[in-house]
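J.: Any chance you could fold what I've pasted below:
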Amino acid sequence: MPHPPTRAVCPGSFDPVTLGHLDVVRRAAALFDEVVVAVGVNPSKSRLFSAEERLSMLERACAGIERVRVASFTGLLTTFCTENDVHAIVKGLRAGTDFDYELPMAHMNATLAPGVETVYLPTSAGWSFVSSSLVKEVAGFGADVTRFVPDFVAEALRARLTSGDAATGD
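T.: Below you'll find the model as predicted:
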């Protein structure tokens, strides 16, 4: 008997998207029928790239990955899950500290949206140290970050960080 279709979400701020993010998305796409890469939009938080820029970069970065689409959400992730018939929240874990941060959120999400499970994927070893924050910091010092982000993201980082316009809101 075939299983019902499953849809998962890979949420994040993706400011900017890294090759580590894309590794988790590809691996999630092999486990679920559809993966929605969802950009969280929080107007009260300052981001390097606007929500529109992050969505555009993600759409381009995910274009070649089958069964993946990109969306954005405001408010609670659990509301997005309920409204989009999402069955699982996929989170990449780099280290134990990520788990310590993510576990209380998983418990809260399970309480708010029963039936939506949180699934943890350990990052591939080569990406375990890569984070958007670290990439931005390194790029801010003029270092080449093309090993950590898609080429077009590295170009956008270079342009943004050298233009003097380094903080934008959603």
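
J.: Give the other helices and strands that the top helix by length along the chain contacts.
T.: If you go by DSSP state H, the chain has its longest helix at helix 96-112. Applying 3 or more CB pairs under 8 Å, 6 or more residues apart in numbering; DSSP states H and E, we find helix 96-112 packed against helix 77-83, strand 88-93, strand 117-122. No exception for glycine: its C-beta is placed from N, CA and C like everyone else's.

J.: tilt between that helix and strand 88-93?
T.: Helix 96-112 and strand 88-93 are oriented at 170 degrees to each other (axes from the mean of the first three to the mean of the last three CA atoms, to 10 degrees).

J.: related to what we said a few turns ago, out of the helices and strands packed on helix 96-112, which comes closest to residue 146?
T.: strand 88-93 (20.7 Å; CB to CB).

J.: strand partners of the closest one, parallel vs antiparallel please.
T.: With DSSP bridges as the test, strand 88-93 is paired with strand 7-12 (parallel), strand 117-122 (parallel).

J.: Residue 110: which of these is closest?
T.: Of all the strands paired with strand 88-93, strand 117-122 comes closest under CB to CB, at 7.1 Å.

J.: can you map out the helices along this structure?
T.: 19-29, 51-62, 77-83, 96-112, 132-140, 151-163.

J.: With distance to residue 11 and mean pLDDT as extra columns, can I get those in CSV?
T.: Formatted as CSV, the helices of the chain follow (distance: least, CB to CB, whole Å; pLDDT from 0 to 100):
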stretch, distance to residue 11, mean pLDDT
helix 19-29, 11, 97
helix 51-62, 12, 97
helix 77-83, 5, 97
helix 96-112, 10, 92
helix 132-140, 13, 95
helix 151-163, 19, 92
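
J.: Quick check: which of those helices is nearest to residue 7?
T.: helix 77-83 (8.9 Å).

J.: then that closest one to PDB, C-alphas only?
T.: This file holds the C-alpha atoms of helix 77-83, laid out as PDB (Å, rounded to 0.1, in the frame of the first residue of the first chain):
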ATOM      1  CA  LEU A  77       6.300  28.300  11.600                       C
ATOM      2  CA  THR A  78       3.600  26.000  12.900                       C
ATOM      3  CA  THR A  79       0.900  28.200  11.300                       C
ATOM      4  CA  PHE A  80       2.800  27.900   8.000                       C
ATOM      5  CA  CYS A  81       2.900  24.100   8.400                       C
ATOM      6  CA  THR A  82      -0.800  23.800   9.100                       C
ATOM      7  CA  GLU A  83      -1.700  26.200   6.200                       C
END
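
J.: Which neighbouring elements make contact with it?
T.: Going by 3+ CB pairs under 8 Å, 6+ apart, helix 77-83 lies up against strand 7-12, strand 34-40, strand 68-73, helix 96-112.
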